[in-house]
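Student: Only the shape, not the letters, is given here:
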Ligand code: HPA
């Protein structure tokens, strides 16, 4: 029996198909998590779900209490975390699912570490490969089993938001080697590593990044707008739920 936590992102503030979820409050020394943790059983495993942006989806990326969220999942016994991130596609088209293997952090000013005391213990955590390779491989395999096509590697550029990027910023991210762009992978990914919880992400491409427009989920002027992003994320959530179901059934 494994305890698998799913952190839902934009448009993924609920998990389809769950039954009889139990609610866990999760308050801890870092504050209140974004929402109560929902917990249920599937395929003989315990599944937890936490809505990163809160139940009404209203907490903006830079105001999410990532430390409280990760600590709450750790305290509840999470042994693996699958993060869902709605992202813009730079080298990958809208509608595709990406399992990133790298990230570049462009965020600033976020409470980004548990090692935050003026004179407390500090550990330089290993972060060469930010995503856990075992969870990633299982996710890739789960996509195959669920019949959902995915891009099995990619670099996630994490921007501060909540505004979307300029076309020039996306050009720069592309030169840096980013394949997708989103606002929530950091500090979440690093905090999971600090807590020693194996963590990987399913990035749902919900729009073409700025200046790459013209695809579904993008407004007529080529710029993505929030309501399109949420609608597209809700649609791709069904694919993500099937992948997670396949993941659990094969653990
Ligand atoms: N940029 C940044 N974050 C995002 C995007 C984007 O285009 N789409 C969804 N989240």
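Tutor: Received the coordinates, thanks. Since the structure is predicted, the reported quantities are computational estimates derived from the model, not experimental observations.
Student: Could you pull up phi and psi at residue 49?
Tutor: Main-chain torsions, residue 49, degrees, to the nearest 10: phi -130, psi 130.
Student: is it true that it touches residue 21?
Tutor: Yes: in this structure residue 49 lies within contact range of residue 21 using C-beta atoms under 8 Å: 7.4 Å. For glycine as for every other residue, the C-beta is placed from the backbone atoms N, C-alpha and C.
Student: tally of neighbours for residue 125?
Tutor: Neighbour count for residue 125, taken as other C-beta atoms under 10 Å: 14.
Student: if we can go back for a sec, between residue 49 and residue 21, point out the one with more neighbours.
Tutor: Taking neighbours as other C-beta under 10 Å, residue 49 and residue 21 compare with residue 49 leading, 23 against 17.
Student: Return the set of residues that bridge with that one.
Tutor: residue 6, residue 38 (DSSP bridges).
Student: one step back: quick check: neighbours shared by residue 49 and residue 21?
Tutor: 38-39 (C-beta atoms under 8 Å, 6 or more residues apart in numbering).
Student: Looks to me like residue 236 is in a strand.
Tutor: No: checked against DSSP: H, G, I helix; E, B strand; the rest coil, residue 236 lies outside a strand; its state is helix.
Student: Please work out how many residues are found near residue 37.
Tutor: 24.
Student: ok, the closest residue to it other than its chain neighbours - contacts?
Tutor: Once flanking residues are discounted, residue 37 sits nearest to residue 24: 4.3 Å by C-beta to C-beta, 6 or more residues apart in numbering. By C-beta under 8 Å, 6+ apart, residue 24 lies in contact with 36-39, 48, 72, 76.
Student: repeat for residue 197
Tutor: Contacts of residue 197 by C-beta under 8 Å, 6+ apart are 5, 70, 73-74, 78-81.
Student: Could you pick out the buried ones from those residues?
Tutor: Burial by neighbour count, judged by 16 or more other C-beta atoms under 10 Å, picks out 5, 70, 73-74, 78, 80-81 from the contacts of residue 197.
Student: near the ligand, which residues of the stretch 51-200 of the chain?
Tutor: Residues of the stretch 51-200 of the chain lying close to the ligand by C-beta under 6 Å from any ligand atom are 86-88, 159, 164-165, 181-183.
Student: Residue 73 contacts residue 37, correct?
Tutor: Yes: between residue 73 and residue 37 there is a contact under C-beta under 8 Å: 6.9 Å.
Student: And the strands in the stretch 1-150 of the chain?
Tutor: For the stretch 1-150 of the chain, the strands defined by DSSP state E, counting those that start in this stretch cover 3-8, 22-24, 37-42, 45-51, 80-89, 97-98, 102-105, 150-151.
Student: Can you check which of those strands gets nearest to residue 229?
Tutor: Closest approach to residue 229 among these is made by strand 80-89 (6.2 Å; C-beta to C-beta).
Student: Just checking: what are the partner strands of the closest one?
Tutor: The strands beside strand 80-89 in its sheet (DSSP bridges) come out as strand 3-8 (parallel), strand 180-182 (antiparallel), strand 199-208 (parallel).
Student: Out of those strands, the one nearest residue 236 is which?
Tutor: Closest approach to residue 236 among the strands paired with strand 80-89 is made by strand 199-208 (4.2 Å; C-beta to C-beta).
Student: model confidence over the closest one, on average?
Tutor: The pLDDT scores in strand 199-208 average 95.
Student: cool, and stretch 112-123?
Tutor: The model assigns stretch 112-123 a mean pLDDT of 90.
Student: which helices and strands does the helix or strand of the chain with the lowest mean pLDDT pack with?
Tutor: Using mean pLDDT, DSSP states H and E, the weakest-scoring helix or strand in the chain turns out to be helix 226-249, at a mean of 85. Using 3 or more C-beta pairs under 8 Å, 6 or more residues apart in numbering; DSSP states H and E, the elements in contact with helix 226-249 are strand 3-8, strand 45-51, strand 80-89, strand 97-98, helix 133-146, strand 199-208.
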